[in-house]
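Q: Build me a model:
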Amino acid sequence: MLFSWLILVFILEYTRPDHFLPFITQLKLYSILPLGLFFVTLVSATRTPNSEVLKSTTGKLLLALLLIASVSALFAINKNMAWDKWRALLGYIFLFFMVAKLCDDRKKIAWLFRTVVGMHLLLIFQNPALLTDPNLRSYVENVTFLGDGNDFSLSVAVALPMSLYLFQSTKSKAGKVFYVLAAIVLLGAVMGTQSRGAAIAIIAVVLYLWTLSPHKGKGIVVIASGLLVVLAVASETYISRMQTISHYQEDGSAMGRIEAWKGGIKMANERPLVGMGPGCFSVAFGSRYAPPGWPWLTAHSMYFLALGELGYPGLLLFLWLLWTLFRGSQRIIRSIPRDTEPERLEYRRLLIAVTGSIIAFAVGGAFLSVLYYPHLYVICGITFAVWRIYELDCAKGEESISTRKVEKCGSVNAVPDEISRHGRSP
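A: Sure thing, here's the model as predicted:
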């Protein structure tokens with residue numbers, strides 16, 4: 001019941017269907033449903049007690065991020081904008097908590113993956129120009145944080161590793177065909193937006209997967225074949241836009257980003273401990289740091305956004321959080337051999353998918369102001385949930401000898417410290 005409620009919250013957050021169902025806005029369901037679920041989750045019993053989420057390194061880092069944002073908001077150059085962003089950040093930390101606590105088995109995580117992939121397919125279906133007009137940079141209508149083509153493409157890049165996991169885990173041929181077609185449609189939509197940042201993010205994910213492959217030579221052939229297919233079907237407009245990556249000095253959009261990044265550094269140098277305040281980057285840039293005649297710009301990078309708005313402590317904490325997610329997942333992946341039984345392989349595949357999403361977000365987010373989007377907090381929740389259920393399932397064999405536990409799930413010592421200290425079933 002609660003997990004179905006969580007799925008509904010995701011659907012409303014990502015697709016914003018109030019243009020079809022106006023009563024959603026009229027009844028304030030965008031706020032009431034997630035807040036209601038949070039409080040019900042808080043008092044409900046699952047395999048993951050509240051204390052385990054709050055004691056985890058991920059939970060502590062997110063609470064520390066909220067604290068830094070709170071202090072920064074107190075000294076913000078525009079307090080109204082700062083507290084608006086602070087409330088959004090608080091809501092997404094609530095979302096992290098709900099995902100971390102309610103996704104307490106692999107089946108639920110798989111259903112959450114299906115929901116994320118399905119929502120992106122739905123948005124593409126609602127905006128067919130993403131696929132049908134390759135010479136036009138398309139945007140997504142009637143949504144909030146996914147409306148810009150670059151933002152949508154980053155979200156797709158985060159979802160693609162989830163689609164890969166679903167392809168690997170499904171046993172039916174029809175299911176495998178569906179997820180292959182889904183991946184093709186998602187990649188086509190990324191090409192339709194002509195997002196360079198998303199293209200780089202997807203390349204980073206592919207290279208990560210290649211490093212894990214035992215067949216490096218075959219992997220190179222597959223990657224090269226994929227690039228040839230992209231070149232064969234891509235429009236001239238798309239190829240021309242991708243070529244601007246190598247000579248960015250001639251591209252106005254790229255130079256605007258660089259100027260905004262310089263502004264972020266200046267903001268942090270002026271107010272190193274608190275920054276300009278959450279949500280205040282564009283105001284600070286336009287009023288203090290923009291060259292004469294330049295428009296107000298956002299940071300066009302979550303790293304420079306964190307630096308300019310939250311100061312050096314905010315950026316360092318953000319980097320620490322990303323590194324914690326990546327390192328913890330990699331530690332478990334390395335502990336599970338490739339040539340093992342299906343039960344253990346399932347964990348390995350799931351963690352590889354999660355790590356792929358982390359990489360897509362970390363790389364693609366370097367070019368977009370997505371610090372206050374749900375991606376990070378959803379990834380944090382899913383990553384914690386996978387670590388948690390991995391430890392719980394491994395701990396099932398504790399009544400037997402230690403080797404039986406290792407045989408089932410891999411080395412328990414590989415579980416991140418935050419889980420191995422607190423992750424046992426009560």
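Q: out of everything not next to it in sequence, what's closest to A362?
A: L322 (5.4 Å; CB to CB, 6 or more residues apart in numbering). C-beta coordinates here come from the backbone N, C-alpha and C atoms, glycine included.
Q: pLDDT at the one you found, what is it?
A: L322 carries a pLDDT score of 97 in this model.
Q: and it, how many neighbours?
A: Around L322 there are 20 other residues, counting by other CB atoms under 10 Å.
Q: Assess the claim that it and I359 are in contact.
A: No - taking CB atoms under 8 Å as the definition, L322 is not a contact partner of I359, at 9.6 Å.
Q: and the helix ranked longest in the chain, which residues are buried?
A: The residue-count maximum for a helix in the chain (DSSP state H) belongs to helix 302-335. By 16 or more other CB atoms under 10 Å, the buried positions in helix 302-335 come out as 302-315, 317-318, 321-322, 324-326, 328-333, 335.
Q: next one: stretch 18-38
A: I24, L29, Y30, L33, P34, L37, F38.
Q: and the residues you listed as TSV, adding pLDDT, secondary structure and distance to L131?
A: Shown next, in TSV, are the buried residues of stretch 18-38 (pLDDT from 0 to 100; DSSP: H, G, I helix; E, B strand; the rest coil; distance: CB to CB, whole Å):
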residue	pLDDT	secondary structure	distance to L131
I24	90	helix	27
L29	93	helix	31
Y30	91	helix	28
L33	96	helix	31
P34	96	helix	31
L37	97	helix	34
F38	97	helix	36
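Q: Make a markdown table out of those residues and add distance to V370.
A: Formatted as a markdown table, the buried residues of stretch 18-38 follow (distance: CB to CB, whole Å):
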| residue | distance to V370 |
| --- | --- |
| I24 | 24 |
| L29 | 24 |
| Y30 | 19 |
| L33 | 23 |
| P34 | 19 |
| L37 | 23 |
| F38 | 22 |
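Q: just the residues you listed now: which is nearest E141?
A: I24 (16.6 Å; CB to CB).
Q: I figured the closest one was touching L12, is that so?
A: Yes - using CB under 8 Å, I24 is in contact with L12, at 6.9 Å.
Q: Need the overlap of contacts for the two.
A: Y30 (CB atoms under 8 Å, 6 or more residues apart in numbering).
Q: From the centroid of the chain, which residue is nearest?
A: H375 (3.5 Å; CA atoms, centre = their mean).
Q: Surely that one touches G364?
A: No - using CB under 8 Å, H375 is not in contact with G364, being 9.1 Å away.
Q: which SS class is R47?
A: coil (DSSP: H, G, I helix; E, B strand; the rest coil).
Q: contacting residues around it?
A: R47 touches D104, D105, R388, I389, L392, S425, counting by CB under 8 Å, 6+ apart.
Q: quick one: which of those has the most company?
A: Counting by other CB under 10 Å, top hit in these: R388 with 26 neighbours.
Q: tell me which element that residue is part of?
A: Using DSSP states H and E, R388 sits in helix 375-395.
Q: So which other helices or strands are in contact with that helix?
A: Judged by 3 or more CB pairs under 8 Å, 6 or more residues apart in numbering; DSSP states H and E, helix 375-395 is in contact with helix 57-74, helix 79-102, helix 106-126, helix 149-169, helix 302-335, helix 342-364, helix 402-409, helix 417-422.
Q: how far does that helix sit from the chain's center?
A: 14 Å (CA atoms, centre = their mean, to the nearest Å).
Q: and what of stretch 35-50?
A: Worked out by CA atoms, centre = their mean, stretch 35-50 lies 23 Å from the chain centre.
Q: Put the alpha carbons of it into PDB.
A: The C-alpha coordinates for stretch 35-50 follow below in PDB (Å, rounded to 0.1, in the frame of the first residue of the first chain):
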ATOM      1  CA  LEU A  35       3.800  15.100   2.700                       C
ATOM      2  CA  GLY A  36       1.100  12.600   3.800                       C
ATOM      3  CA  LEU A  37       3.200   9.700   2.700                       C
ATOM      4  CA  PHE A  38       6.300  11.000   4.500                       C
ATOM      5  CA  PHE A  39       4.500  11.200   7.800                       C
ATOM      6  CA  VAL A  40       2.900   7.800   7.400                       C
ATOM      7  CA  THR A  41       6.200   6.300   6.400                       C
ATOM      8  CA  LEU A  42       7.800   7.900   9.500                       C
ATOM      9  CA  VAL A  43       5.500   5.900  11.800                       C
ATOM     10  CA  SER A  44       5.300   2.700   9.700                       C
ATOM     11  CA  ALA A  45       7.400  -0.400  10.200                       C
ATOM     12  CA  THR A  46       9.500  -1.800   7.300                       C
ATOM     13  CA  ARG A  47      12.700  -3.800   7.100                       C
ATOM     14  CA  THR A  48      14.500  -0.500   7.400                       C
ATOM     15  CA  PRO A  49      13.800   1.400  10.700                       C
ATOM     16  CA  ASN A  50      14.000   5.200  10.800                       C
END
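Q: what's the distance between F97 and F10?
A: 14 Å (CB to CB, to the nearest Å).
Q: sorry, that was for L123
A: 13 Å.
Q: try A88
A: 16 Å.
Q: Next: M98.
A: 10 Å.
Q: who has more neighbours, those two?
A: M98 (26 against 20).
Q: Go ahead and confirm that one touches F3.
A: No - contact criterion CB under 8 Å: M98 and F3 do not qualify, at 9.6 Å.
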